[in-house]
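> based on what follows, work out the 3D shape:
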Amino acid sequence: MNIVFISRVYLPHLGGVETHIQEISAVLLKMGHTVSVITCSHDSKLSQTATIEGVRVYRMPLGSDQNKISLWRAVVQHKQLLIDADIVHVHDVFWWILPCYVAIKNKVYTTFHGWETKLPIAVNAKIHRFLAAKLSQGTIHIGDFIQKFYYDVPSVVTYGGVNLKRFTKAGSLLPKNKKQGLSFVFVGRLEKDTDVRLYLDFFELLARKKNPHTVVWVGDGSLKNECEKIGTVTGFVKNTSQYILQADFVCASSYLSILEAQSLQKVVCAFYSNPIKKAYLELFPGSKYMLVASSVENMLAKLEHVTGSKVARSELELAAKKFAHAQSWQSVVAKYM
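Residues are numbered from 1 along each chain as shown. Okay, here's the model as predicted:
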C-alpha cells in the first residue's frame, strides 16, 4: 500500500506524535508498504522534501499552520500525493485535508493523540473531533481516556510501544555522587499542564524531610528556571535513556516516556491534577506498575512503601519491564492495519 501520514510536525522535531509515526512507519516499510509524511516545517533551514529512514517527508512552509488559508493552499499543492495514496491517515490535524476531502474521503483515517491541555475542554474542540471521526473511515485513540471526555468511540485504542534498539546504554549522564540518596529523572515538557509544579512541590517536601536526592529534568519549557533551582535541566534530548538508565525513579506522564522507563526496569512516578490526567494515567494498563498520586503526601507515602522493601521494589521493577517489553510497535501496527 501507498500510505500518507499527515502530522503538524515531524522529525527531526522531537515529540510523542513524531516518535509514534516514526516507529509505525519503520514497521510498515519492513512489511513492504510505501510511507510518506506531509507536515509543516518547524525550522526554516530544513528542505521542503527529504527522506528520513525510508520515509518521504514533504514539508510545508514554516508557520503556514498559523493561518488556515495559507495552510490549505500548501496542502492543495500536495493534492495529487493524497489522491495517489491508498490510505491517508491524519494525526489530529483533520482540518488540514478539508480542501481535498471530497477527492479522498473513502480512504481517510484519523488518530487522536492526547488533549488540548486546557480545562474545561472547549465544546468546539469536542465537536471538531466528533466531525473528524464521522468523516473518517475509522479512528484510533491513543489512550482509553479520550472517549470519556470526547464524543468519538474509536475503532481501536493503543498506547504506543517500545523499540529497545533505539535505547542507548552509552554513558549515563546522571550525577555520580551517590551520597545524595535517591536519584530522580523527570522526562517531558516543563509546563503547567504536565503537572511540573506538583513534582517541584514533591522534591521540596523530600528536602524538608531531609530525604537526600538528586533531580535531573530532561526537557524544556516555561518552568525551566524553577526546575533549575532544585536540579539540572538538560533541555530536550533525543536519547532520554541515557538519563533514565541509572535513575532510581523516573517521573513521566506521557505514554511513550512511561513505556521507555518501564522497559528499562524503572518504577515511574506520575502526578495528576485534573480528571482528564487522572483517567489518562489510571486507564493505562501499565499503571499498576507505577506510583500514581494527586498529592505530594500520597506520593511520598507510596515511595516510602516501595523503597522500604528491596523485594517489593524489585518485583515492581521487573513487572514493569515485563509489561513494557510486551508492548511492541508491531502490535500497534497490527491495530492500524
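
> distance between stretch 42-53 and the chain's centre?
When C-alpha coordinates are averaged (C-alpha atoms, centre = their mean, to the nearest Å), stretch 42-53 and its chain have centres 22 Å apart.

> using PDB, list the CA coordinates for it.
Provided in PDB are the C-alpha atoms of stretch 42-53 (Å, rounded to 0.1, in the frame of the first residue of the first chain):
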ATOM      1  CA  HIS A  42       9.500  23.800  12.200                       C
ATOM      2  CA  ASP A  43      12.800  25.100  11.100                       C
ATOM      3  CA  SER A  44      13.500  27.400   8.100                       C
ATOM      4  CA  LYS A  45      16.800  25.600   7.500                       C
ATOM      5  CA  LEU A  46      15.000  22.300   6.600                       C
ATOM      6  CA  SER A  47      14.400  21.400   3.000                       C
ATOM      7  CA  GLN A  48      10.900  21.100   1.600                       C
ATOM      8  CA  THR A  49      11.400  17.400   0.800                       C
ATOM      9  CA  ALA A  50      13.600  14.900   2.500                       C
ATOM     10  CA  THR A  51      13.900  11.100   3.000                       C
ATOM     11  CA  ILE A  52      14.200  10.100   6.700                       C
ATOM     12  CA  GLU A  53      14.700   6.400   7.500                       C
END
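
> what's the pLDDT at Lys178?
Per-residue pLDDT puts Lys178 at 50.

> sorry, slip of the keys, the one I care about is Leu173.
pLDDT for Leu173: 49.

> show me the helices in the stretch 151-300 of the chain, by range?
196-208, 224-228, 241-244, 255-263, 275-282, 296-307 (DSSP state H, counting those that start in this stretch).

> distance check, Ser136 against His91.
Separation of Ser136 from His91 (C-beta to C-beta, to the nearest Å) stands at 12 Å. (Glycine included, C-beta is placed from N, CA and C.)

> check Arg59 too.
Shown here: Arg59 relative to His91, a distance of 15 Å by C-beta to C-beta.

> before we move on, what about Gly16?
To His91, Gly16 is 10 Å away according to C-beta to C-beta.

> okay, the two: which has more neighbours?
Remark: of Gly16 and His91, His91 carries more neighbours, 23 against 16, as counted by other C-beta atoms under 10 Å.

> what about the spatially closest residue to that one that is not a sequence neighbour, how many neighbours?
Once flanking residues are discounted, His91 sits nearest to Ser7: 4.4 Å by C-beta to C-beta, 6 or more residues apart in numbering. Using other C-beta under 10 Å, the number of residues around Ser7 comes to 25.

> Ser7 and Ala319, how far apart?
Distance from Ser7 to Ala319, by C-beta to C-beta: 33 Å.

> same check on Phe112?
From Phe112 to Ala319 the distance is 29 Å (C-beta to C-beta).

> confirm that Ser136 sits in a strand.
No. Using DSSP: H, G, I helix; E, B strand; the rest coil, the assignment for Ser136 is coil, not a strand.

> from here on, count from 232
Got it, the first residue is 232 from now on, which makes the last one we talked about Ser367.

> count of residues packed around the closest residue to it other than its chain neighbours?
The spatially closest residue to Ser367, leaving aside those adjacent along the chain, is Thr341, at 4.3 Å (C-beta to C-beta, 6+ apart). By the measure other C-beta under 10 Å, the count of residues near Thr341 is 26.
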